[in-house]
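>>> When you get a sec, could you give me coordinates for this:
(chains A and B)
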Amino acid sequence: MSKYAMVIDLKRCTGCGGCIVACKNENNLSDGIVWSSKITETVGTFPDVRFAYYPTLCNHCENAPCVSGCPTRALYKGEGGLTLHDPGKCIGCRYCMGRCPYGVISFNWENPHPAWRARTETIAQGTTSPAQVAEQVGGEVIPYYNPESAEGYAGIRPRGVVEKCHFCAHRVENEQLPYCVEACPADARIFGDLDDPNSEVSKLVKKFKSFRLREELGTEPKVFYIREFNQGKNSSTKGEV
Amino acid sequence: MMKKPENRNEAAASELKSGVSRRSFLKLAGVGTGATIGAMSAFKLRSLALAENPKSAAMGEWLPTTCQGCTSWCSKQAYVVNGRAIKVRGNPNSKVNGVASCVRAHLGVPQMYDPDRVKTPMKRTNPNKGRNEDPQFVPISWDEALETIADKIMELRDNGETHKYMLMRGRYTYMRDIIYDRMTKIIGSPNNISHSAICAEAEKFGPYYTEGEWTYRQYDVVNANYVLMWGADPLSANRQVSYYNSVWGDVLENAKTAVVDPRLSASAAKSDEWLPIKPGQDGALAVAMAHVILTEGLWYKPFVGDFVDGVNQFAPGKTVREEDFEEIHTSGLVKWWNLELKDKTPEWAAELTGLPVEQIRRVAIDYGKAAPHAICWVGGGPAMQPRGAYGSMATHALNGLVGSVDNVGGTLKANKVYTQSFPGYEDYLDEIAKEGKSHKKIDQRGTKAFPSLKKGKSGKGVVTNNAADGIINEDPNEIKVAIGYMNNFAFSAPQTERWYRALSKIPFVVHLTTNASEFTWFADIVLPATHHMFEKYGYVKSFANGYRQVTLLTPVVDRIWDTYTDETEIPWMLAEKLAERGFDNLLRHYQSYKDPETGQAPANAQEFALYALKHATHKLWDPAVHEGGDKFNGWEEFLATGVWNSDPYPFKKRWGAMKTETGLFEFYSETLKHALEGHAEKHETTVDDILKTCNYQARGEMAFIPHYEEPALAGDEGEYPLVLVDYKSKLNREGRSANTSWYQELRDVDPGCEAWEDVAQFNPIDGKKFGIQSGDKIKLVSVTGKLECTAKLWEGVRPGTVAKAYGQGHWAYGRIAAEKFGKKPRGGNNNDIIPADYDRLSGSSAFYANARVRVEKI
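Below you'll find the model as predicted:
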């Protein structure tokens, strides 16, 4: 049995946002919905200012409040410890969203990709309409629709259900890394099996003092953060009296 | 020595592979397609179907191409599924960028499938031109479009006024010479105007007049111990962004990093030192650093040399005798010290720069101690300002002091490549063309006030933005027919309103473009172009990581609409129409681009595009004529790989053999002296008069050394109390990505920015001072224009400045980029408030430290 986890090396992270857009690309996310996101903070006052960036995503908690609270078992713990969602069972009650301490579950209030369903032309007959593009090239609603992510989860989630990150289960199942991991240009996201002591993630969480978001809640997140976004160098000093 | 970009997660991938062969933890399948959305009963059916048909690991394949979202020009692969390009990643065959992809690369996908792409040729039906005149475009056939253009060109030729033809180039591939150079010359015009001077030409000025290289640099950051970035933000822009993102974690392990920028940029946010300098004062900091490095004895002696007696005589305020110092690979150090540096103490610079004395000293000493593996990364910041030529020199000269030029862990030029130029055109110039070509250029380069000293020659460089004034004032002549491609000067060049007037004035304007942009708004004919990353052939050269690559743009999918390629196919098609009208020189020239494999001449536009590419890259892929770098067994293998890598960088090869007047790294630039004297002689005057005319402060010998010049800001401080700090969003595809929702939705990945907003960032001190709060709708007003956007109070901005990213403010381009297409912009375009000013020695437009603004609440 595997226990999949991700380590995010904040020192390597450049805060580029590549993970966010790669995830939207891979999983056909509608405008306004993100599975991979970030928390940013600016602290201090000019000129002593620090900016930090923390990538976020579903923590695939061992004790997942979204799973325990789901009335229809649409959210469930799958193989490898993944927190998965079955839109077929989801009744859209959004109870999970209230219970998730990390705010990483989204709800489809409307028919997804509304902008891509429009039939208006900016320049009559000179340009086309969003709906016509997909009709011309194929795809589903969006012309760059990724059919691979439809293997195991809804390729596009319908109105009235929630949706969330599944560690790109469709890729992991095919022995590929989650797409945010593959797409990270800085190699700041490291994926692997915590049950394997020789995996990179196991080694990294042992080597560095790691932290997880809101550990005090006992959710046992599987996303570990190591090092600091701005780990500036320091010179020796004894201070003064 | 150089670190090859690699995927650190390969280890993790192999772990997955070494486990159970196929995981099947997805017990439940979901709804898959748009067609079944809402049809809940379809779930079980699909689930069943999946169980019966085991899926394949991959539905598509990765095909090679190139991203031109910025000038990084990364070699890429596109993931193609059923004829659709749905994802991109770095080309693993590239030694320059490897598999890494910056964030903007992904935006190429929705850009390709943008519904607002022009899908057919169009013509204008509203004869009136202007910002508020809807062109009322209607679709026409390619034949009608090309015949109309050919008729207009023939009219010029018949009347002996081919010099009134103009070609404007924006972003380009190296197929550019077909349309930019050859077509313009054979028609008979001097007026091929590139965008280069609104890019970063001034950045090349310092390197050229110190080490003889008119080029951007690559930086050996993984072997550096100090990386000092001047108005450069390599994690967002400028340049090889994918590569630098991929190794930045390693850089931070080995090097101290510091950023000189009035704004806390993405790179500054991760650096050891942020030097939030007052705009335009980079030169002051640079010469003060040089002062400290010399007085502290930290210069790199194996490169620069030493005092004859080995005792450091550089002391504040004291001149040094030239004969007491023996230089090795440099020239003019003592002159530089005596003329400029001896009094330029950190205390002097602190006042001007607004930086603490201690920080200036600390950074200078740390930088000097890291010699020779200490990089000054000269970005557009200190260079693309009025008088920026000397900022460029002063900042780059520090690389000379610490011996990092051409050195391990230092600043490098591009490696050698073996691409070749297109066949000669001279035989195809007729008398009309020769006469037409001999006229002066519309951008007034080389005139007394525009030396534009590219590569040491008066008037060799372009003055892109001044072409608008040339057109408006008919100086040197009127322009009657103009073609623009992959450019948008009405948006991307400062003081945009001048371009509205210039383009309105030209009787016949053609635009080759993917989207109907602000430039298109003034066009008479619009020709829809292929998307660079997915629909066309071409090649570009780029460098980083100690390598240079030649990477191919290839048509990885079929064209969506009735489009042709701007630099190759369209010139061919136009040449055919000209030939039909009795002028076949251009077509005959193009027919000389033979397929190197078969010797066959092209018979149509598509063959022409392909043969031209094969010709230009012949020595890279044909083993019979191979000269260096990666070797292929033929064209097909090169095409499938998509990229050729050079040989590794030959470090220190140029020490003592630089292409300057002295052959040395020049702190006193004999090369610049020669160039300035040449320009003065041409105008029968003195160098001092030229400097005065061009608004520089230097006189006499000062003109030839890196030195401090005061910033030249437009606007009275009382009326315009803030200084604009323009910067580039990491999501910009050079102003062409704002029509994607991903661009708008992710805008908050730029530090201190907001999603779906175009914010101007103020320090909270200024917020209080001017009564502005975050979220307020505001107007920024300069001496030349105004824009509307949203205020954001943020500590990462120097008080007294307002920082705002370029990229928004489109009033055309498409439904997302503009709030109302043709009418209302989304946010504001910085170029509406940046005055058209120049660093005249390089011809560059000033984007930084030249606009004072005031803020008004709406």
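>>> For chain A, which segments count as helices?
Secondary structure of chain A (DSSP state H): helices at A:18-26, A:65-69, A:95-99, A:130-137, A:169-172, A:179-183, A:200-207.
>>> of all those, which lies closest to B:Ala760?
Among those, helix A:18-26 comes nearest to B:Ala760, with 23.9 Å by C-beta to C-beta. Where you see a C-beta, it was placed from the backbone N, CA and C, and this is true even at glycine.
>>> Okay, and the nearest residue to B:Asp427 once chain neighbours are set aside sits in which element?
Excluding its sequence neighbours, the residue lying closest to B:Asp427 (C-beta to C-beta, 6 or more residues apart in numbering or on different chains) is B:His589, at 8.0 Å. Following DSSP states H and E, one finds B:His589 within helix B:585-590.
>>> I would like the residues contacting that helix, please.
With contacts defined as C-beta atoms under 8 Å, 6 or more residues apart in numbering or on different chains, helix B:585-590 is touched by B:178, B:182-183, B:186-187, B:423, B:425, B:427-430, B:433, B:571-572, B:574-576, B:578-579, B:602, B:608.
>>> Please indicate which of these are buried?
Buried members of these, scored by 16 or more other C-beta atoms under 10 Å in any protein chain shown, are B:178, B:182-183, B:186-187, B:423, B:425, B:428-429, B:433, B:571-572, B:574-576, B:578-579, B:602, B:608.
>>> pLDDT score assigned to the residue nearest to B:Pro346 when sequence neighbours are not counted?
In space, and not counting its chain neighbours, B:Pro346 is closest to B:Ile360: 4.1 Å by C-beta to C-beta, 6+ apart. Listed pLDDT for B:Ile360 reads 98.
>>> Please name the residues that touch B:Ile360.
B:285, B:288-289, B:292, B:346, B:349-350, B:353.
>>> and it, that's in a helix?
Yes - secondary structure of B:Ile360 (DSSP: H, G, I helix; E, B strand; the rest coil): part of a helix.
>>> separation between it and B:Ala286?
B:Ile360 is 10 Å from B:Ala286, where distance means C-beta to C-beta, to the nearest Å.
>>> likewise B:Ala394?
On the measure of C-beta to C-beta, B:Ala394 and B:Ala286 end up 4 Å apart.
>>> And the strands in the stretch 301-450 of chain B, which stretches?
B:305-307, B:325-327, B:330-331, B:374-378, B:411-412 (DSSP state E, counting those that start in this stretch).
>>> swap that for the stretch 101-250 of chain B, please
So, for the stretch 101-250 of chain B - with DSSP E, counting those that start in this stretch - the strands run B:122-124, B:137-139, B:165-169, B:192-193, B:218-219, B:226-230.
>>> Kindly indicate whether B:Ser542 is helix, strand or coil.
strand.
>>> Likewise for B:Val88?
Applying three-state DSSP: B:Val88 is strand.
>>> just the strands in chain A please.
For chain A, the strands defined by DSSP state E occupy A:4-9, A:37-45, A:48-56, A:75-77, A:83-85, A:106-107, A:162-163, A:189-193, A:210-211, A:223-226.
>>> Can you tell me which helices and strands the fifth one packs against?
I take that to be strand A:83-85. For strand A:83-85, the packing partners by 3 or more C-beta pairs under 8 Å, 6 or more residues apart in numbering or on different chains; DSSP states H and E come out as strand A:75-77.
>>> contacting residues for the residue nearest the centre of chain A?
When C-alpha atoms, centre = their mean is applied to chain A, the residue found nearest the centroid is A:Ser36 (2.7 Å). A:Ser36 sits next to A:19-20, A:22-24, A:55-57, A:165, A:180 when contact means C-beta under 8 Å, 6+ apart.
>>> So which of these reach chain B?
When contact is defined as C-beta under 8 Å from any C-beta of the partner chain, these meet chain B at A:20, A:22, A:24.
>>> you'd agree the second one is up against A:Tyr179?
Right, the one you point to is A:Ala22. Yes - shown here, A:Ala22 and A:Tyr179 form a contact pair, counting by C-beta atoms under 8 Å, at 5.3 Å.
>>> In terms of pLDDT, where does B:Arg239 sit?
84.
>>> residues near it, how many?
Counted with other C-beta atoms under 10 Å in any protein chain shown, residues neighbouring B:Arg239 total 23.
>>> Compute the distance between B:Tyr219 and chain A, please.
Taking C-beta to the nearest C-beta, to the nearest Å as the measure, B:Tyr219 falls 16 Å from chain A.
>>> Which positions are bridged to the residue lying closest to that residue once chain neighbours are set aside in the beta structure?
Leaving aside its chain neighbours, B:Tyr219 sits nearest to B:Ile375 (5.2 Å; criterion: C-beta to C-beta, 6+ apart). Beta bridges link B:Ile375 to B:Val227 when assigned by DSSP bridges.
>>> Return the residues in contact with B:Ile375.
So B:Ile375 contacts B:219-221, B:224, B:226-228, B:399, B:404, B:409-411 (C-beta under 8 Å, 6+ apart).
>>> Distance of it relative to B:Val408?
Taken as C-beta to C-beta, the span from B:Ile375 to B:Val408 is 11 Å.
>>> joint contacts of those two?
B:Asp220.
>>> Skipping its backbone neighbours, what lies nearest the residue of the stretch 651-800 of chain B found nearest chain A in space?
Of the stretch 651-800 of chain B, the residue with the smallest distance to chain A, taken as C-beta to the nearest C-beta, is B:Val749 at 3.2 Å. Leaving aside its chain neighbours, B:Val749 sits nearest to A:Gly17 (3.2 Å; criterion: C-beta to C-beta, 6+ apart).
>>> Double-check the one you found against B:Lys730; I have them as touching.
Yes - assessed by C-beta under 8 Å, A:Gly17 is found in contact with B:Lys730 at 7.3 Å.
>>> Give me the more crowded residue out of these two.
In this view A:Gly17 and B:Lys730 are compared by other C-beta under 10 Å, and B:Lys730 has more residues nearby, 30 against 26.
>>> Tell me which helix or strand the more buried one sits in.
Element membership for B:Lys730 (DSSP H and E) is empty, with no helix or strand holding it.
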